[in-house]
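# next one to model:
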Amino acid sequence: MKNLRDNLQTVKQNIERAALHSGRKASEITLIAVSKTVDIDTVKLACDLGISDFGENRVAELGRKREALPAVNWHMIGRLQSNKVKDVVGKACLIHSLDRWNLAQELDKRGQVLAQSIPALLQINIAGEEQKAGIAPGEVHDFLDASSGLSWVKIFGFMTIAPLFEDGEASRPVFRELFQLKKKFSDNSYRNVDLRFLSMGMSQDYEVAIEEGANIVRIGSAIFG
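The predicted structure is shown next:
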C-alpha cells in the first residue's frame with residue numbers, strides 16, 4: 001500500500017509539473033491507471049487512493065474487473081477483435097483502439113442493437129511500426145470523412161503508442177505530430193467527430209506527452225511497479 005501511495009504521489013507530481021510546462025493545470029489531464037497485470041485487490045487500493053479511471057488490454061479482464069468495481073471508469077486500451085465488440089460496448093467508457101474501418105462498422109452495428117452511442121478514439125500509428133496497430137497519418141482524413149456515415153460511433157480524439165525508447169525524450173516528435181494532426185483536423189466539421197482528447201504517453205514518456213499536448217495518459221508500471 002505504501003509503495004502504491006508513494007508511486008501515485010510521484011506520478012501526480014510529475015503530471016502537475018508537465019502540465020505547467022504546457023500552460024495547463026493537472027486537472028486537465030486524465031490519468032488512466034493501466035491495470036492489465038494487477039489483481040482486483042490492488043485495483044481497489046488504487047481506487048481508495050483516488051484513481052477513478054483504469055485501462056485494460058483484454059476484454060475478459062475488463063469485464064471481470066468491471067463486475068467487481070462497476071463504479072469506476074473502465075477504458076479499453078488494447079487491440080479489439082471484431083468478435084469481442086459485444087463484450088466491450090456498454091462496459092468501456094471509452095475505446096482507445098479504433099484502428100480499422102471494419103471495427104468501426106462492427107461497433108456501429110452493436111450501438112444500433114443497444115441504441116447506445118459509442119465513444120472511441122482513432123488509433124494512429126505515427127511511428128509506422130509494423131508490429132503496432134493503427135491507421136497511417138495519411139489515412140486520417142478519409143477515415144474521419146467516412147465516419148459521417150456512422151450512426152452510433154463518435155470519435156472523440158486520437159490515440160498513439162510511441163516506440164519503446166529508453167529515454168522518453170525520444171518520443172517527443174511522435175507526440176508532437178499527433179498534436180499537429182489533432183490541430184489540423186479540428187478545423188474540419190466532420191459529422192460524429194469531436195477531437196477533444198489526445199491519449200498518448202505511458203510510464204516511460206508520459207511527461208513528454210503532456211508537454212506536447214496529451215490530456216489522457218495511460219500509466220501502469222510507474223504506479224503499480
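# hey, C-alpha coordinates of stretch 195-207 in PDB?
Output in PDB follows, covering the C-alpha atoms of stretch 195-207 (Å, rounded to 0.1, in the frame of the first residue of the first chain):
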ATOM      1  CA  LEU A 195     -11.500  15.900 -31.400                       C
ATOM      2  CA  ARG A 196     -11.200  16.800 -27.700                       C
ATOM      3  CA  PHE A 197      -8.900  14.000 -26.500                       C
ATOM      4  CA  LEU A 198      -5.300  13.100 -27.100                       C
ATOM      5  CA  SER A 199      -4.400   9.800 -25.500                       C
ATOM      6  CA  MET A 200      -0.700   9.400 -25.600                       C
ATOM      7  CA  GLY A 201       2.100   8.800 -23.100                       C
ATOM      8  CA  MET A 202       2.900   5.800 -20.900                       C
ATOM      9  CA  SER A 203       5.100   5.200 -17.900                       C
ATOM     10  CA  GLN A 204       8.400   5.900 -19.700                       C
ATOM     11  CA  ASP A 205       7.300   9.000 -21.500                       C
ATOM     12  CA  TYR A 206       4.100  10.500 -20.100                       C
ATOM     13  CA  GLU A 207       5.700  13.800 -19.000                       C
END
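# chain center to it: distance?
Centroid separation for stretch 195-207 versus its chain: 8 Å, with CA atoms, centre = their mean, to the nearest Å.
# for it, buried residues please.
The neighbour-count check on stretch 195-207 (16 or more other CB atoms under 10 Å) flags 195, 197-207 as buried. No exception for glycine: its C-beta is placed from N, CA and C like everyone else's.
# can you redo those residues as CSV with secondary structure?
Compiled in CSV, the buried residues of stretch 195-207 are given as follows (DSSP: H, G, I helix; E, B strand; the rest coil):
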residue, secondary structure
L195, strand
F197, strand
L198, strand
S199, strand
M200, coil
G201, coil
M202, coil
S203, coil
Q204, coil
D205, coil
Y206, helix
E207, helix
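# off-centre distance for the host helix or strand of A120?
Assigned by DSSP states H and E, A120 belongs to strand 118-123. Relative to its chain's centre, strand 118-123 lies at 9 Å (CA atoms, centre = their mean).
# got the buried residues for that strand?
Quick answer for strand 118-123 (16+ other CB under 10 Å): 118-123.
# make TSV out of those residues and add pLDDT and distance to D39.
What follows is these, written out as TSV (pLDDT from 0 to 100; distance: CB to CB, whole Å):
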residue	pLDDT	distance to D39
I118	98	29
P119	98	28
A120	98	28
L121	98	27
L122	98	32
Q123	98	28
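# tell me which of those is nearest to E106?
Taking CB to CB as the measure, E106 lies nearest I118 of the buried residues of strand 118-123, at 10.2 Å.
# just list whatever residues bridge to the closest one.
As for beta bridges, I118 partners with V153 under DSSP bridges.
# for the buried residues of stretch 195-207, which one is nearest G213?
L198 (5.5 Å).
# many thanks, we can stop here.
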